[in-house]
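[1] Everything below, folded, please.
(chains A and B)
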Amino acid sequence: MSQEAIKEKSMILQKEMIEGLFNDLDHTKELGKKVCYTFVPGNLSELIRTFDMLPVYPEINALQSAMRKKSGGYIKEAEKNAHSEDVCTYVKCDVGMMMKGNIGPTGTKIPEPDVLLLSYTGCFTFMKWFETLKREYPNAKVIMVHTPYQENAKMTPSMVEYMVKQFKEEVIPQMEEVTGIKYDEAKLKRMLALSKEAEDWITKIFDTTKHRPSPIDAYFAGVYYIGPINIGFRGTEQAVEYYKELYSEIQERIRLGLGPITPEGEMKEEKYRLVVEGPPNWTSFREFWKIFYDMGAVIVASSYTKVGGVYDMGWRHDPERPLESLAEYCMNCYTNLNIPQRIDLLSKCITEYEADGYITNSIKSCNSFSAGQLGMMREIEDRLEVPVGFIESDLVDPRYFSYSNIKNRLESYFQMLEQRKMMEKETM
Amino acid sequence: MKKYYLGIDLGSTTSKAVIINEKDEIVGRGITNTRANYKVAADIARDEAVYDARFNLLQRKIGEDVTKPEFKKYMQDLRSVFQYGQFRRRMESLERMLNKTVSEFNYENKDAILVKLKEIIETIRPQIQHGFINEDLGSKNQFFRDIVSEKYNVEVEAKGKEFYEPLMLAFDKSITPIENEMVQYNFKELVLEAMKILDEKYKGLADEQEDGSYEDWYYAQLNAVKDNYKNVEFTLRDHIEDIANEEIHVAKMVGTGYGRALLPFPEDCIKSEILCHAYGAHAIFPNTRTVLDIGGQDTKAIQVDSHGLVTSFHMNDRCAAGCGRYLGYIADEFGLSLNELGPEANKATKETTICSTCTVFAGAEVKELLHNGEERPNILAGLHKAIVQRAMSLIARSGGVREEFTFTGGVARNEAVLKYVKQMVTDSYGDITMNIHTDSIFMGALGGAMFARRNISADLPTAKEKAKQEN
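    Predicted coordinates for the structure are as follows:
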């Protein structure tokens, strides 16, 4: 039985923030603001805001289109224009949306970019994506930063230096040129202090899943929680206020012993605690989520909520080292970690949040996420002896979400967990 | 009262039922083709398992006699003729339905079609009867639809072009409702009827083999029966009443298979086929650690622990090329029956490389290869190899083969698939004990029955409803 979704104050705050951003995007001319398209992983939100630009995130637009059931049509449009079936569906959704008038999630036209800023090269598709957009928006300035991969599981001083050099010689001068605003490091530092604060809060929030029952779902609700810091509000007072409010609401849930909120009200019984690797499917997000909460499964940690930044291991933006910490931030996004680092991070989540199982949702059109996932799963299974499950879907192409297949696999997986629990009880 | 447990595996191609006792021993098995009405398919499989259980009980009652050749042969014949009894009743319904369907046609030559239909029925009826009574058709794992359509199609072909379309249409329209009809049989009545038929059969047996078309052992058995059938009959009659009256009380049951959600079972009596296949395979071969199950539309690679519990699994996604249905499609392309595929492939001198693993594309590739003069067995061998290669990739994804390996599912009955599985598992994982059981197709249903006996708290639906009402 579908209930009215419970609206908490934090949800209202988030809605206001997003509406505010899109409202500004509707009035860039009047506001005299420039527009910067950029991607979530390794995003330089604070730097963009230092130059008073408004950020647009094409992959967020794509996932929003999918949730509004529009991605299928957009993808077809892009395929009609020679984008192959195997191209990342975020790209095709974005290109299709552009071809159909670039109408964004709020129903109004998204302004054209003044800057196409690529600050994370771990995803090769991002580069090609902006090359495509450059052809469509010949007046936009393309700024590309090369982000070294954490091949040896660390960020060395020379890697940081290499990136800072690019910021100083490429990014900042070009941003100054586009906006006519002089780079103001004091302003950036103030924002980075707020970023650090928001990052502290979000870490505390995702750490509440230690409780039983877990007061939140760190995947299905987690994707909403990361919204503000991932769409350009990191480094703002609003973001800090949002996360403080969210944290206090979660504290209240813990005090009352409540489980996570689902689209159909409170989750009643927490039967399984899981860690999920990989992005969710957006076209059937609700159906996908429902399979989990109907089974009493709560996600206590997910790698996807770390795509916009990995804060679990203590890393934070540092106002004292502004450009250096931006460089580290770019290199420290989840998909830029090497496979052993990803395994360690996921293992830590499984152990600390006492997960009963580990599930991979492998995305057909996302190489940067999917490559290595099977090996990671095997390693985690061997290391922690945790039951693992593997399903396949896609980001925003509705053709690649097979409800019955996914449900069948998940049902089998949950029954497998159930069986294990029974055995453990018997042998105790 | 003795308690029994039932597992039903409603697959995409066949529906299987297994009944076990309190010691997890299989007492009865039943199988039928899955059809539009899942409940009927499940009920038929269950009824078959109950009959099988009664026959097994009957065999147990006659004790040591059962090993005597005349008893062995008699029991085998009895089962086949018993099946004929079931077949005949359904066939009568089909005949009526066919006549009705044709009568409603608008073809100008309707009367002529009716005449042809009558001729066909009168030709195939005794053929099938002969098959059951004299050629052991009952043990060939063929279902009503297969048996009738095979004979019917041959006769239709012979009737000439102008009758082909209406006669085929009549069959297609008539078979489905008949298959979806639940027919109640009386066990005792069918057994006694079968014994009567056998009495006639043995009475009329020639003393010597006439044309040398049978193997010696066959005649040895027949001769044993011929001399002693009255004695066997007499012994059996003693028990039939008891056996027919014995209640096969199914205390609990579990449904599994791809159609499980459609079974009229309460939610907690439904189990995933992955768990059931693994559990069943592990029960028969306790050292199993990796199970490969190839069914009609799924291939599953399952890892199990020492208790038979699943630790991880991998299934084919998005595409069912490489599953049983693929074989069905290939069989159609070659005009062979499913049972003929494996033996034909094993005649190959080499395996033709089949590039495509898409079922539909493979069809096109096959035509091209045949056109280029490639030998049929070689192409079939290539296709079988392609299926196993896909399965091997799933096994690798699920974690490879550790210790004993058990192959289950309907496709495990195909000897060419078996050959390549053995070959490729050995090539990739070394000398591993590999188990294939004659009942591999029943592993899912067996696992289900075993779960029913164990941790399923729910009772039968009726009992559950009663309990609800009382509360």
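
[2] Run a quick neighbour tally on the closest residue to chain B within the stretch 151-300 of chain A.
    Closest contact between the stretch 151-300 of chain A and chain B, by C-beta to the nearest C-beta, is at residue A:294 (10.9 Å). Glycine gets a C-beta too; all of them are placed from N, C-alpha and C. Neighbourhood size, residue A:294 [other C-beta atoms under 10 Å in any protein chain shown]: 15.

[3] Tell me how far it lies from residue A:410.
    Counting by C-beta to C-beta, to the nearest Å, the separation of residue A:294 from residue A:410 is 10 Å.

[4] What of residue A:118?
    Counting by C-beta to C-beta, the gap from residue A:118 to residue A:410 is 36 Å.

[5] Ok, residue A:32 next?
    Distance, residue A:32 to residue A:410, by C-beta to C-beta: 51 Å.

[6] And the two? Which one has more around it.
    Here residue A:32 and residue A:410 are compared on neighbour count by other C-beta under 10 Å; more neighbours surround residue A:410, at 20 against 10.

[7] Could you find the closest non-adjacent residue to the more buried one?
    What sits nearest to residue A:410 in space, not counting adjacent residues and going by C-beta to C-beta, 6 or more residues apart in numbering or on different chains, is residue A:291, at 5.3 Å.

[8] quick revisit: tell me the pLDDT of the residue of the stretch 151-300 of chain A closest to chain B.
    The pLDDT attached to residue A:294 in the predicted structure is 94.

[9] do the one 5 residues further on as well
    At residue A:299, the predicted lDDT confidence score is 98.

[10] Give me the longest helix you can find in chain B.
    Criterion DSSP state H: the longest helix present in chain B is helix B:69-103.

[11] what angle sits between the next helix or strand after that one and helix B:69-103?
    Elements were assigned by DSSP states H and E; along the chain past helix B:69-103, the next helix or strand is helix B:110-134. Inter-element angle recorded for helix B:110-134 and helix B:69-103: 170 degrees (by axes from the mean of the first three to the mean of the last three C-alpha atoms, to 10 degrees).

[12] and the residue of chain A found nearest chain B, how far is that from residue A:132?
    Nearest residue of chain A to chain B: residue A:412, at 3.6 Å (C-beta to the nearest C-beta). When C-beta to C-beta is the yardstick, residue A:412 and residue A:132 sit 40 Å from each other.

[13] These two: which has the busier surroundings?
    When residue A:412 and residue A:132 are compared on other C-beta under 10 Å, the one with more neighbours turns out to be residue A:412, at 22 against 17.

[14] That one contacts residue B:275, correct?
    Yes. Taking C-beta atoms under 8 Å as the definition, residue A:412 is a contact partner of residue B:275 at 6.5 Å.

[15] Could you name every residue contacting both of the two?
    Contact criterion C-beta atoms under 8 Å, 6 or more residues apart in numbering or on different chains; residues shared by residue A:412 and residue B:275: residue B:310.

[16] Where does pLDDT dip in the chain?
    With no chain named, the answer covers chain A. Segments of chain A classed as low confidence (criterion: pLDDT under 70) are A:1-6, A:426-428.

[17] Hmm, no, I was thinking of chain B.
    Segments of chain B classed as low confidence (criterion: pLDDT under 70) are B:205-222, B:318, B:356-357, B:455-471.

[18] from it, which residue is nearest to chain A?
    Minimum separation of chain B from chain A (C-beta to the nearest C-beta) falls at residue B:272, amounting to 3.6 Å.

[19] Can you name the residues that contact that residue?
    Per C-beta under 8 Å, 6+ apart, neighbours of residue B:272: A:408, A:411-412, A:415-416, B:256, B:260.
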